[in-house]
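1. Fold the stuff below for me.
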Amino acid sequence: MYKQFIFSAALTGYALVSPFQLAWAETSITSSTQVSEHKQLVDLVRLVINEHPRARSIDASQQASSAQLQAADQPLYNPELELDVERTDINITSLGISQTVDWGDKRGARTRTASHKRNAITATAELNRQHLAIELLEALQEYHTADALNKQGNQRLQLMQQFAAVAKQRNLAGDLNQVELDLAKLTALTTKLESTKLTVRLSDAEQVLQALFGKLPVPTSWPRLPRSLPTIDQSEIDTDELLRRHPVFRTQHAQVMAARTTIELRRRETRPDPTISVRTGREDNETLTGLTLSVPLFVRNSYSAEVDEANANLIQIEQDTQTLLLNLNKQLKTASQRYALNHAAWAEWQQSGETSLNSRIVLLERLWKSGELSTTDYLVQVKQTLDTQSAATELRGRVWQAWSNWLAASGTVFKWMNIDDIASPLN
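-> The predicted structure follows:
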């Protein structure tokens with residue numbers, strides 16, 4: 001629950017009032033509100049991954065790959081029509097048609113290669129959309145963290161400015177020495193500089209968010225991120241399944257399959273395709289009919305170098321795939337461990353830290369009002385309390401950053417947000 005603590009003291013006729021709110025404090029909300037906020041977040045992600053210029057570029061690449069597949073599935077050779085007319089002392093007229101036959105089924109190999117390339121582009125498109133979604137979540141996390149810190153900074157600035165004013169009044173009345181007055185002024189000045197830095201950070205965070213929308217209308221308010229995040233039991237992580245479904249692996253797997261079918265295509269291209277021609281005509285009053293079969297001789301160029309190139313390309317892609325799997329596996333373990341550590345620290349803070357912080361503020365107020373705590377000591381301890389509050393806000397930001405890293409490493413951002421996957425996993 002958001003709590004406001006008002007500290008006041010009638011010191012030489014001057015009142016010190018200091019509003020203080022716990023940022024990121026637990027807010028009591030209904031399930032319908034949670035559903036509404038989740039829907040706002042999902043709608044915002046959908047808007048970006050569908051309408052961002054990068055998303056339009058992704059759509060264009062998928063359309064191009066579909067067109068390439070359609071082109072690859074077309075017949076390789078068109079028939080040729082030949083008309084021959086000769087006027088001499090003998091009139092000869094002939095009409096012929098010829099057709100080159102795809103004897104080695106190069107068309108089928110081309111189609112399979114193009115199909116695997118399209119699968120690779122489809123998986124890459126999903127990966128790019130996931131990157132957009134992750135960027136948006138990270139930008140929202142930074143914005144809300146910066147916003148909370150900025151509000152805390154403004155509250156701290158107000159508190160320190162009021163305290164400096166009280167200190168000046170008490171110094172004039174002879175109740176506060178010059179050292180304590182200088183400390184109050186220095187603290188207020190330092191707080192002003194820190195508040196300016198936090199304001200700049202908030203402005204930068206908002207600029208990053210707005211940049212993700214391009215020419216799209218920017219929302220009047222940014223959706224909140226869920227306060228509670230799921231825990232990850234590392235012993236239950238199915239690494240093989242996550243890797244199999246990851247768009248990075250699916251892209252690489254499709255490229256391997258495309259490289260293999262490219263070898264098959266290059267081998268079939270070493271087989272000559274015959275051309276069959278049929279023609280008929282007249283020579284004066286006689287009817288002529290002819291049949292011609294021609295086969296190219298791959299003597300000067302056997303096209304074997306193209307096969308060697310395709311084989312070498314397959315070896316390279318397979319080795320790159322092994323490296324990629326090692327990196328993905330490492331990223332999964334690192335991301336899960338980092339998230340588990342940050343999540344545990346945040347859970348501990350929620351259970352004991354917030355209560356301890358609240359109790360400390362109440363205690364300081366009581367001691368101050370009773371005169372058991374000097375003004376200077378009160379200032380120092382309140383500053384320590386506010387620093388703890390800011391550290392807690394930064395911790396929550398790190399938890400969200402670690403969660404975003406896990407979503408990226410596991411490729412599960414759309415699954416977590418209940419957004420239908422753009423591409424299906426490999427069988």
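
2. What helices and strands are in contact with the strand or helix carrying Thr262?
-> Taking DSSP states H and E as the criterion, Thr262 maps to helix 247-268. Under the contact criterion of 3 or more CB pairs under 8 Å, 6 or more residues apart in numbering; DSSP states H and E, helix 247-268 touches helix 106-172, helix 304-348. (Glycine included, C-beta is placed from N, CA and C.)

3. Run the angle between the first one and helix 247-268 for me.
-> Following axes from the mean of the first three to the mean of the last three CA atoms, to 10 degrees, one obtains 160 degrees for the angle between helix 106-172 and helix 247-268.

4. for the last one, same thing?
-> For helix 304-348 against helix 247-268, the angle between stretch directions is 170 degrees (the same axes, to 10 degrees).

5. So which bits of stretch 210-225 are buried?
-> Going by neighbour count (16 or more other CB atoms under 10 Å), the buried part of stretch 210-225 is Leu212, Phe213, Trp222, Pro223, Arg224, Leu225.

6. Name the nearest residue to the fifth one, sequence neighbours excluded.
-> Closest residue to Arg224 in three dimensions, ignoring its sequence neighbours and counting by CB to CB, 6 or more residues apart in numbering: Glu37, at 5.2 Å.

7. The one you found: how many residues sit nearby?
-> A count of neighbours around Glu37, defined by other CB atoms under 10 Å, yields 16.

8. Show me what the host helix or strand of it packs onto, helices and strands only.
-> Assigned by DSSP H and E, Glu37 falls within helix 31-51. If contacts are counted by 3+ CB pairs under 8 Å, 6+ apart, helix 31-51 sits against helix 106-172.

9. Show me which residues of the helix or strand that the helix it packs on is followed by are buried.
-> Using DSSP H and E, the next helix or strand after helix 106-172 towards the C-terminus is helix 178-211. Within helix 178-211, the residues that qualify as buried are 180-181, 183-184, 187-188, 191, 194-195, 198, 201-202, 205-206, 208-209, counting by 16+ other CB under 10 Å.

10. got it, and stretch 143-152?
-> Tyr143, His144, Thr145, Ala146, Asp147, Ala148, Leu149, Asn150, Gln152.

11. Dump stretch 389-403 to CSV, restricted to CA.
-> The C-alpha coordinates for stretch 389-403 follow below in CSV (Å, rounded to 0.1, in the frame of the first residue of the first chain):
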residue,chain,number,x,y,z
GLN,A,389,14.5,3.0,-1.2
SER,A,390,16.3,4.0,-4.4
ALA,A,391,18.4,0.8,-4.2
ALA,A,392,15.2,-1.2,-4.0
THR,A,393,13.8,0.5,-7.0
GLU,A,394,17.0,-0.2,-9.0
LEU,A,395,16.8,-3.9,-7.8
ARG,A,396,13.3,-4.2,-9.2
GLY,A,397,14.6,-2.8,-12.5
ARG,A,398,17.4,-5.4,-12.5
VAL,A,399,14.8,-8.2,-11.9
TRP,A,400,12.9,-7.0,-14.9
GLN,A,401,16.1,-6.7,-17.0
ALA,A,402,17.1,-10.3,-16.0
TRP,A,403,13.6,-11.5,-16.9
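
12. Just give me how far that stretch sits from the chain centre.
-> Computed by CA atoms, centre = their mean, to the nearest Å, the chain-centroid distance of stretch 389-403 equals 19 Å.

13. Need the contact partners of the next helix or strand after the helix holding Glu37.
-> Using DSSP H and E, the helix or strand that follows helix 31-51 towards the C-terminus is helix 53-72. Contacts with helix 53-72, where a contact means CB atoms under 8 Å, 6 or more residues apart in numbering, come from 48-49, 107, 110-111, 113-115, 117-118, 121-122, 124-125, 128-129, 132, 214.
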